[in-house]
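K.L.:
sequence below, structure please.
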Amino acid sequence: MSYRIAVALTLCALAVPALAEEQKDAGSEKPVTAQQQKMKECNAEAKTKSLKGDERKKFMSSCLSKS
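P.N.:
Numbers count the residues shown, from 1 in each chain. Alright, predicted model coming up:
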C-alpha cells in the first residue's frame, strides 16, 4: 500500500513543474508597455555597441531618459 502512495506522490511531484511551464507560456501574451519596449530597444542598441559595465550603465540611463 505504501508503495502505491509513494508512486502517486512521485507522479504528482513530476506533474507540478510541467503545469507551471504551461502557465508561464500562456502568461507571456501580456501587452508590452511603452517603457518595456524602450528598455528592449536600449538593450539591443547597447548589445550591438558591445557596451559593458559602467559604460553600459551610463548608456542605458541616457537612452531610457530620452523622450
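
K.L.:
residue contacts, residue 48?
P.N.:
Counting by Cβ atoms under 8 Å, 6 or more residues apart in numbering, residue 48 touches no other residue. In short, each C-beta sits where N, CA and C put it, glycine included.

K.L.:
break down the protein into its helices, ranges please.
P.N.:
2-26, 34-48, 53-65 (DSSP state H).

K.L.:
from residue 40, how far off is residue 32?
P.N.:
From residue 32 over to residue 40 the distance is 8 Å, taken as Cβ to Cβ, to the nearest Å.

K.L.:
what does residue 51 give?
P.N.:
16 Å.

K.L.:
so for these two, which sits in the more crowded spot?
P.N.:
Set residue 51 next to residue 40 and count neighbours by other Cβ atoms under 10 Å: residue 51 wins out with 15 against 11.

K.L.:
neighbours around residue 39, how many?
P.N.:
Residue 39, neighbours per other Cβ under 10 Å, totals 15.

K.L.:
show me what contacts the closest residue to residue 43 other than its chain neighbours?
P.N.:
Counting by Cβ to Cβ, 6 or more residues apart in numbering, residue 43 lies nearest to residue 60, which is 7.6 Å off, once chain neighbours are set aside. Neighbour list for residue 60: 42, 43, 46 [criterion: Cβ under 8 Å, 6+ apart].

K.L.:
low pLDDT regions in this protein?
P.N.:
Applying pLDDT under 70 to the chain picks out residues 1, 3, 6-29, 67.

K.L.:
cutoff 90 now
P.N.:
1-35, 64, 66-67 (pLDDT under 90).

K.L.:
tally of neighbours for residue 63?
P.N.:
For residue 63, the count of nearby residues is 15 (other Cβ under 10 Å).

K.L.:
got the contact list for it?
P.N.:
Residue 63 makes contacts with 38, 41, 42, 45, 46, as judged by Cβ under 8 Å, 6+ apart.

K.L.:
do that again at 7 Å, thanks
P.N.:
Residue 63 is in contact with 42, 45, counting by Cβ atoms under 7 Å, 6 or more residues apart in numbering.
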